[in-house]
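Trainee: 3D, please:
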Amino acid sequence: MEIDRAGLAEFLRLRREALQPEDVGLARGGRRRTGGLRREEAASLSHMSTDYYARIEQQRGPQPSPQMIAAIAQGLHLTLAERDHLFVLAGHAPPPRGGESSHISPGMLRIFDRLHDTPAEVVTELGETLRQTALGTALVGDLTRFEGPERSIGFRWFVDPSSRRIYAEEEHDFLSRLWASGLRDVVTRRGPSSRAARWTRELLDRSDEFARIWGLHEVGLRPRAVKHFVHPELGALELECQTLFEPEQSHALLVYTAAPGSESQEKLRLLSVIGAESFSG
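Mentor: As a prediction, this is how the structure comes out:
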């Protein structure tokens, strides 16, 4: 496939100009000469330099990689149809949809972008954290930094003991069963050639605990509504979890709140001051 530089540039410009700062969680700021997002804002949302993004809109520079196109599609809050169109314009085959996709829908992003004062995250059906609010990162650390199977909290649970520290110890046995049950559900739906099946085989080789629990064939376990976290500075927090599902991509938005007047609510207030410093390094 060949890149359509003119089509790509025009499509990006039109999508950028159709977005307002408040649509993507940004402050409008001072006077703007034109409507829509500035190029530097689009570049920042896409995690790239303004110069790199500008060259694409100006039909200059090398062909953008699939990774860069995926980042732009997410940064500009494109729909799946728009994302796929963008990939074709850039000369690449569109990535898969469904359970193996990391592209978050615009509707879910619009809700996520408004959760400035709340711990929240967007996760895949395999427990991979795609996005966290700042307070979500302050609560459990940056979970988006992992690569490969370790992106999944369920996978890390069985191969990295340190991943369990953010949960109360009395919850560990249930969570081990929960992750195994959830993985079995995904393997059943996605089949033996899926990532879920490959990760299962790897876990069976690497974790005796997982092999034992997998052998129980438990299915249908559901997460508990109340989560018990352990923060390195603030200690125990008891938070309720509300979940919004996006069925086409099999993504979930998890929002954590504390009961009004509770000790955990006060700790969340303190957490907004402390930030993610406890997890740095």
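Trainee: List phi and psi for the residue nearest to the spatial centre of the chain.
Mentor: Central residue of the chain (CA atoms, centre = their mean): L130, 1.3 Å from the mean position. Dihedral angles of L130 (phi, psi; degrees, to the nearest 10) stand at phi -90, psi -40.
Trainee: Also the one 5 residues further on?
Mentor: Its backbone dihedrals place L135 at phi -70, psi -30, with angles given as degrees, to the nearest 10.
Trainee: For it, the count of nearby residues, please.
Mentor: The number of residues packed near L135 is 19, by other CB atoms under 10 Å. Bear in mind the C-beta positions are built from the backbone N, C-alpha and C, glycine included.
Trainee: How far off centre is stretch 186-201?
Mentor: Relative to its parent chain, stretch 186-201 has a centroid offset of 20 Å by CA atoms, centre = their mean, to the nearest Å.
Trainee: mind exporting that stretch as CSV, just the C-alpha atoms?
Mentor: Extracted C-alpha coordinates of stretch 186-201, given in CSV (Å, rounded to 0.1, in the frame of the first residue of the first chain):
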residue,chain,number,x,y,z
VAL,A,186,-11.3,-15.0,27.4
VAL,A,187,-9.5,-18.2,26.1
THR,A,188,-12.9,-19.8,25.6
ARG,A,189,-14.3,-16.9,23.7
ARG,A,190,-11.1,-16.1,21.6
GLY,A,191,-9.8,-19.6,20.9
PRO,A,192,-6.6,-21.5,21.1
SER,A,193,-4.6,-19.1,18.8
SER,A,194,-5.4,-16.0,20.8
ARG,A,195,-3.1,-14.0,23.0
ALA,A,196,-5.1,-15.3,26.0
ALA,A,197,-4.3,-18.9,25.1
ARG,A,198,-0.6,-18.1,24.5
TRP,A,199,-0.3,-16.3,27.9
THR,A,200,-2.1,-19.2,29.6
ARG,A,201,0.5,-21.7,28.2
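Trainee: Residues contacting it, please?
Mentor: 99-100, 125-126, 149, 152, 155, 183-184, 214 (CB atoms under 8 Å, 6 or more residues apart in numbering).
Trainee: Save these as TSV, and put in neighbour count too.
Mentor: Putting the contacts of stretch 186-201 into TSV (neighbours: other CB atoms under 10 Å) gives the following:
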residue	neighbour count
G99	17
E100	16
E125	21
L126	23
P149	18
S152	25
F155	26
L183	24
R184	20
W214	18
